[in-house]
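mind folding the following:
(4 chains)
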Number of protein chains: 2
Amino acid sequence: MQDLITKIKSSIAISAEAEDHLFSISKEKIVAKGEVLIRQGQAVKNSFFVTTGCLRSYCIDKNGKEHTLQFAIKDWWISDFIAIYNNELATLTVECITDSSIIEFNAKELDRIHSLFPEFEAYQRKNLERHVVSLHKRILNQLQLTATERYALFLEQYPDIEQYTPNYHIASYLGITQQSLSRIRVEKVNK
Amino acid sequence: MQDLITKIKSSIAISAEAEDHLFSISKEKIVAKGEVLIRQGQAVKNSFFVTTGCLRSYCIDKNGKEHTLQFAIKDWWISDFIAIYNNELATLTVECITDSSIIEFNAKELDRIHSLFPEFEAYQRKNLERHVVSLHKRILNQLQLTATERYALFLEQYPDIEQYTPNYHIASYLGITQQSLSRIRVEKVNK
DNA sequence: TAGCTTTCTTACCATAGGGTAAGTTTTACC
DNA sequence: GGTAAAACTTACCCTATGGTAAGAAAGCTA
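Below you'll find the predicted structure:
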């Protein structure tokens, strides 16, 4: 929990009351590799802040193929924001790739914190802005780069994720099959 | 300008002072088809709210190919948020696809409005959340749908955009060539 | 309405990446 | 340490989409 408080305080000043409230709605959890926190088709109640380990969110298409939307490691948030925003059932599955420790928040309680303690607004706005920017970049990369280039960029941008996750999850994030990623990795070694 | 005020008021209550301030930093403009409001490689000062017409943002890759990040029609915002957030030169070009009327805001003044009039925070948060959700969906669609399916979905989601823009811009948004889009359109007609 | 410009279509071949399947290697666990 | 499961690689052929080029259609403008 201290990780989250520290992260927030690096961005804004928060009162003792606000900190207490945040603490009161938080639930620290240890989760095991393979555990599913949100399952496609079911209701979504929570958002998660990761303190150790690695989680990912993905959807399963009509052919049963998985497509990874996001990885989350230390200090990142993960949930099914599509479902939360639209108040729908989950379109994503959120699963633990490794044993992890997380802080669980009820999404509605977390949303309410902005009206209770407006000091969080600026923090959240910066968070969302950064998120939008990184999504813009990802879309542009997907449009203009080859699979090989996207993989190189992934390793450069997220050097810490590789250690946690099998390559086929990275492949599904990049939009290619694990076989293609394997070929790319072979070519890279031979250069 | 009334369009923007109406849109904001549909989401939050704003004071007369806030409305006045917003008005004071706004600049209504008529822009012609082909006009470039932000050019890749140059400084980015402004964000734009569209009241009529259609604009798009795109980047040009190392082979000179254009990739459309976004279209913007009535009631949408457009700019180079990557550049604004990172305080960098533009990675995108924003151009008018048709004669349009827009409201121009200096990005820094627009950002400052949140500390001057905190009532805008909630509005902006909702805006950003919606934007994140739509980007998540776009990424998932790009990962799991074929070009044909993406085109059908585009027409369904944004039926108003087609009338403003040549097909090759839509193709560049979908991540395919205009030749491929042309083939897709032929197949569709024959069904 | 003629003539230019822009946009769209068609055709041909090339290529990146996919699907399936069969290994091989690594990891986890009893 | 042996065995099963998970992850990765390789190979073969296939398909969707790209590149280039040429031509047709549509839209402007004189």
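
residues near A:Trp76, how many?
14 (other C-beta atoms under 10 Å in any protein chain shown). Every C-beta, even on glycine, is put in place using the N, C-alpha and C of the backbone.

same thing with A:Ser57?
27.

from what I can see, it looks like it's in a strand, true?
Yes: counting by DSSP: H, G, I helix; E, B strand; the rest coil, A:Ser57 is found in a strand.

who's it bridged to?
A:Gln70, A:Val94 (DSSP bridges).

which positions within the longest helix along chain A qualify as buried?
The single longest helix within chain A, with elements called by DSSP state H, is helix A:119-144. Neighbour-count burial for helix A:119-144, counted by 16 or more other C-beta atoms under 10 Å in any protein chain shown, picks out A:119-125, A:127-129, A:131-133, A:135-144.

interface residues of chain A facing chain B?
Residues of chain A lying near chain B by C-beta under 8 Å from any C-beta of the partner chain: A:59, A:61, A:65, A:67, A:69, A:81-82, A:85-86, A:91, A:114-115, A:118, A:121-122, A:124-125, A:128-133, A:135-140, A:142-144, A:172, A:175.

now do the helices in chain A.
Under DSSP H, chain A gives helices at A:2-9, A:16-24, A:81-86, A:107-116, A:119-144, A:147-157, A:167-174, A:178-189.

next, count neighbours for A:Leu155.
13.

pLDDT below threshold where in chain A?
A:189-191 (pLDDT under 70).

redo that, cut-off 90
A:1-12, A:187-191 (pLDDT under 90).

up against DNA strand C, what does it have?
A:63, A:65, A:146-148, A:175-177, A:179-180 (C-beta under 7 Å from any atom of the strand).

try it again with 10 Å
By C-beta under 10 Å from any atom of the strand, the residues of chain A that approach DNA strand C are A:32-34, A:61, A:63-65, A:98, A:145-151, A:166, A:171-172, A:174-184, A:187.

show me what counts as buried in stretch A:146-155.
Neighbour count says stretch A:146-155 has A:147-148, A:150-151, A:154 buried, by 16+ other C-beta under 10 Å.

next one: stretch A:161-181
Here stretch A:161-181 shows A:161, A:164-165, A:168-176, A:181 as buried, counting by 16+ other C-beta under 10 Å.

over to stretch A:59-74?
A:59, A:66-73.

ends of it, what's the gap?
One end of stretch A:59-74 sits 22 Å from the other (C-alpha to C-alpha, to the nearest Å).

contacts for that stretch next, please.
A:3, A:40, A:48, A:50-58, A:78, A:91-93, A:97, A:158, A:160-161, A:164-165, A:169-170, A:172-173, A:175, B:136, B:139-140, B:143-144 (C-beta atoms under 8 Å, 6 or more residues apart in numbering or on different chains).

can you check stretch A:140-160 too?
Residues contacting stretch A:140-160 (C-beta under 8 Å, 6+ apart): A:71, A:73-74, A:161-162, A:170, A:173-176, A:180-181, A:184-185, A:187-188, B:59, B:61, B:65, B:67, B:69, B:91, B:139, B:142, B:172, B:175.

A:Ser26 pairs with what?
Here A:Ser26, judged by DSSP bridges, has bridge partners A:Phe105.

contacting residues for it?
Counted by C-beta under 8 Å, 6+ apart, A:Ser26 has contacts A:1, A:4, A:103-105.

can I get those residues in JSON lines with neighbour count?
Formatted as JSON lines, the contacts of A:Ser26 follow (neighbours: other C-beta atoms under 10 Å in any protein chain shown):
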{"residue": "A:Met1", "neighbour count": "14"}
{"residue": "A:Leu4", "neighbour count": "19"}
{"residue": "A:Ile103", "neighbour count": "20"}
{"residue": "A:Glu104", "neighbour count": "17"}
{"residue": "A:Phe105", "neighbour count": "22"}
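
out of these, which is nearest to DNA strand D?
A:Glu104 (24.4 Å; C-beta to the nearest atom of the strand).

just give the closest residue to that closest one, not the sequence neighbours.
Excluding the flanking residues, the one nearest A:Glu104 by C-beta to C-beta, 6 or more residues apart in numbering or on different chains is A:Lys27, at 4.4 Å.

that neighbour and A:Lys45: what is the separation?
Separation of A:Lys27 from A:Lys45 (C-beta to C-beta, to the nearest Å) stands at 11 Å.

turn the helices of chain A into JSON lines, including distance to B:Ser10.
Shown next, in JSON lines, are the helices of chain A (distance: least, C-beta to C-beta, whole Å):
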{"stretch": "helix A:2-9", "distance to B:Ser10": "31"}
{"stretch": "helix A:16-24", "distance to B:Ser10": "29"}
{"stretch": "helix A:81-86", "distance to B:Ser10": "17"}
{"stretch": "helix A:107-116", "distance to B:Ser10": "18"}
{"stretch": "helix A:119-144", "distance to B:Ser10": "20"}
{"stretch": "helix A:147-157", "distance to B:Ser10": "38"}
{"stretch": "helix A:167-174", "distance to B:Ser10": "37"}
{"stretch": "helix A:178-189", "distance to B:Ser10": "46"}
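
quick one: is stretch A:179-186 near DNA strand D?
Yes: interface with DNA strand D: stretch A:179-186 contributes A:179-186 (C-beta under 10 Å from any atom of the strand).

let me know the closest of these to DNA strand C.
For the residues of stretch A:179-186 next to DNA strand D, the nearest to DNA strand C is A:Ser180 (3.2 Å; C-beta to the nearest atom of the strand).
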